[in-house]
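Build me a model from this:
(2 chains)
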Amino acid sequence: MDWTQTLFWFFFAMTIGSAVFVVTVRNLVHAAFWLMITLFCVAALYVFLKADFLAATQVVVYVGGILVLVLFGVMMTSGKLDLNLKLERGQMISSGIISIALLAILFLIVRRTNWQTAETQFDSEGTTSSIGEAIMGEFLLPFEVVSIVLLIALIGAVLITRKEVKKEDAA
Amino acid sequence: MNSVDSLQYFIPELIVVGTALVTIIYDLLPDSKDNNSIAYIALGGIALTLIAIFATGAPTESLFDGMIRIDGFSIYFKVIALVATAVTIVFSIQSRELDPNTKGEYYSILIAVNLGMFMMASSTNLLMAYLSLETVSISSYILAGFLTHNQRSSEASFKYIIYGAVASGTMLFGLSLMFGLTGTASISEIGAKLAGLIEDPDSRLAVMVAVVFVLTGLGYKIAAVPFHMWSPDVYEGAPIPVTAFLSVASKAAGFALFIRIFYLGFGQIANLSTTNWTLLLSIISALTMTFGNLAALPQENVKRLLAYSSIAHSGYLLMGAVLLNDTGIKAILFYLTIYLFMNLGAFFVVILVANQVGSEMISGYRNLVSRAPLLAISMAIFLFSLVGLPPLAGFAGKWILFTAALQKHLYWLVVVAALNSAVSLYYYVRIVKAMFFETAEDQTPLTFSFGNRLLLLAFVIPTVLLFILWEPSYEVISAVIKDFTPADVGKLAATVSQQP
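Numbering: from 1, shown residues only, chains lettered A, B, ... in the order given. A predicted model of the protein is given here:
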């Protein structure tokens, strides 16, 4: 087993292990920090897939942006939110059975199916420029539609979070 | 066709986006909130879009490097979406639930949903299909929770988001499996490749799981059992105009995408596969209509009753989707058109009654016939049409759906559907009984503006007329979906089915 292989399995174990902690720890802040490790390790797995741009984006957007937002959300709502995150025994059993069955099926699929595979050649230039060309060419319309979706989400977020303005205050 | 050349056929969508932006900017002007001018701008935008759609015509082109396709089918759904949105805007002007301070955002999002629905109707690529679904979903979450001071509305929005996130995550997983199996995101290419893949015993399980996962996302959008859990709470908590919108427009768009993906993408496997997809979809259809009708039976709140009944109607519509053939699609389009008028009409009456009587309960409808005869008679027409009684359009719609199912020998499904219609008669008639035969303490006549009467008639007339003009309208639909199947897919299906 060479170094690349060892590293890959290390990150693989870290991803799964930290993800288990995300859903099992009681404290939301702890869960958020475990999530950070998961997201980092996923970025590392992207590197093994030679998706350099995706890995960098993962770190910048998820670890740097979304996770910080999650932490802010947890901090600002802590104390106000009295969440009972405990599951009932019946729910635990039924969801456990479904999850394990789904895992087994997915495992079987991954092993058996003849997946379409792409030739991966290591390119010293990386994937960034070809992704850029694809976004501005073949995938222009989805790219533009995403911007509209984000705009809608932005308007919605402002709308939901803003305080009720009384008529007198507005005037 | 590349992106630059595609733009000339993309004008309706551009106008939609433009209108959404204009409404949100206009909202910033002083005094813009004092009257309904924002709503009229939104209506103007819709009118312009409609004009642009008909001016562009139906050239049947694949646009933006195969991302979307403009054809009769997509135009049909675009028109349905626009009409439903226009009606929703008129409802919203009437509604007293909405906060005047957030008008700009409300209309802007309502217009922007149309972009999502346009894309849902015309996507021919999985990436685009998923994005369009998400556009509609995210906007709907916001619209459902628009009454931020109202706990029910917030709860509706919250439930909608949780269920929506799970459903769309599952669907995305299914789409990724599909991409991994076929190496393409183009729906018709997937259809062609799946036909070959299904022969391979190693891939069969993966195809099955992928289709089921995709079905989860689509089933959620059209509120099919067992993915319906969100809909009663959302329909009840959301403002009435939004409920009307979600139960008609967003459902129609869901069916458009369902047909596109299942008919063009997965249609081939239905004919070949050892898994009985027809049976699976039939069971979902039967469960959906049965659940919707049984749950509607004990409802006292008319809005909630209509919400459950709209689940039942998804079940009837799914009968057409089960068939995966042209007759089924035509039946769906025809029924959706009728459903648009009768369901929106019923919701309009609910809004008018809620404004005047201040109640959404059946008890509020007592003796409506002497208080507001036109309203009571119109409501009775809508309800009987929803049951599917002749001589109303609902009967024609159901008749076409049932005969289409009979052609495919789905006798048990038709029997279940007929029994369900009988059950639905009971709860619809409860409202009619309250309106015509029960006495109320309050006898003051209700007054409605001329515009409202006119609008009410605009729903009643098609509900009656589509029964009389059943054949010509069916012909129109046949002409509309003439170019639905791309030539290459049709050819492929023919060659595959000839093989032993």
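
Any idea which helix or strand in chain B has the lowest mean pLDDT?
For chain B, counting by mean pLDDT, DSSP states H and E, helix B:487-498 ranks last in confidence among helices and strands (a mean of 47).

Now do B:R304 against chain A, distance only.
Going from B:R304 to chain A by Cβ to the nearest Cβ, to the nearest Å gives 24 Å. Placement of C-beta: from N, CA and C, glycine included.

do B:L317 as well
27 Å.

Tell me how many other residues crowd the closest residue in space to B:V248 that isn't next to it in sequence.
Spatial nearest neighbour of B:V248, excluding adjacent residues (Cβ to Cβ, 6 or more residues apart in numbering or on different chains): B:A84 at 4.9 Å. Neighbours of B:A84 under the rule other Cβ atoms under 10 Å in any protein chain shown: 26.

Tell me if the longest helix along chain A is near chain B.
Secondary structure of chain A read by DSSP state H shows that its longest helix is helix A:89-112. Yes: using Cβ under 8 Å from any Cβ of the partner chain, helix A:89-112 reaches chain B at A:I105, A:L106, A:L108, A:I109, A:R112.

Same question for stretch A:33-47.
No: on the criterion Cβ under 8 Å from any Cβ, stretch A:33-47 is out of touch with chain B, staying 14.7 Å away.

Need the contact partners of that stretch.
A:7-8, A:11-12, A:14-15, A:18-19, A:21-22, A:25, A:52, A:54-56, A:58-59, A:62-63, A:67, A:70 (Cβ atoms under 8 Å, 6 or more residues apart in numbering or on different chains).

Output that stretch as PDB, nothing but the C-alphas.
What follows is stretch A:33-47 as a C-alpha-only set of coordinates in PDB (Å, rounded to 0.1, in the frame of the first residue of the first chain):
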ATOM      1  CA  PHE A  33     -17.500  21.300  14.600                       C
ATOM      2  CA  TRP A  34     -17.700  17.600  13.700                       C
ATOM      3  CA  LEU A  35     -19.500  18.700  10.600                       C
ATOM      4  CA  MET A  36     -16.500  20.900   9.800                       C
ATOM      5  CA  ILE A  37     -14.200  17.900   9.900                       C
ATOM      6  CA  THR A  38     -16.600  15.900   7.700                       C
ATOM      7  CA  LEU A  39     -16.700  18.700   5.100                       C
ATOM      8  CA  PHE A  40     -12.900  19.000   5.100                       C
ATOM      9  CA  CYS A  41     -12.400  15.300   4.600                       C
ATOM     10  CA  VAL A  42     -14.900  15.300   1.700                       C
ATOM     11  CA  ALA A  43     -12.800  18.100   0.100                       C
ATOM     12  CA  ALA A  44      -9.800  15.800   0.500                       C
ATOM     13  CA  LEU A  45     -11.700  13.000  -1.200                       C
ATOM     14  CA  TYR A  46     -12.400  15.400  -4.100                       C
ATOM     15  CA  VAL A  47      -8.600  15.800  -4.400                       C
END
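
what is the mean pLDDT for it?
What stretch A:33-47 shows for mean pLDDT is 92.

Can you pull the residues of chain A lying near chain B?
A:105-106, A:108-109, A:112-116, A:118, A:137-142, A:145-146, A:148-149, A:151-153, A:155-156, A:158-160, A:164-165, A:170.

Swap in 6 Å and give it another go.
For chain A, the contact set with chain B under Cβ under 6 Å from any Cβ of the partner chain comprises A:109, A:112-116, A:138, A:140-142, A:145, A:149, A:152-153, A:155-156, A:159.

Kindly write the ChimeraX command that selects the buried subset of these.
Those of those that count as buried under 16 or more other Cβ atoms under 10 Å in any protein chain shown are selected in ChimeraX with:
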select /A:109,113,115,138,140,141,142,145,149,152,153,155,156,159
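
and residue 101, how many neighbours?
Defaulting to chain A. The tally of other residues near A:A101 (other Cβ under 10 Å) stands at 10.

actually chain B
For B:N101, the number of neighbouring residues by other Cβ under 10 Å comes to 16.

Phi, psi for it please.
Torsion angles at B:N101 (phi, psi; degrees, to the nearest 10) stand at phi -70, psi -20.

residues contacting it?
With contact set as Cβ atoms under 6 Å, 6 or more residues apart in numbering or on different chains, B:N101 has no partners.
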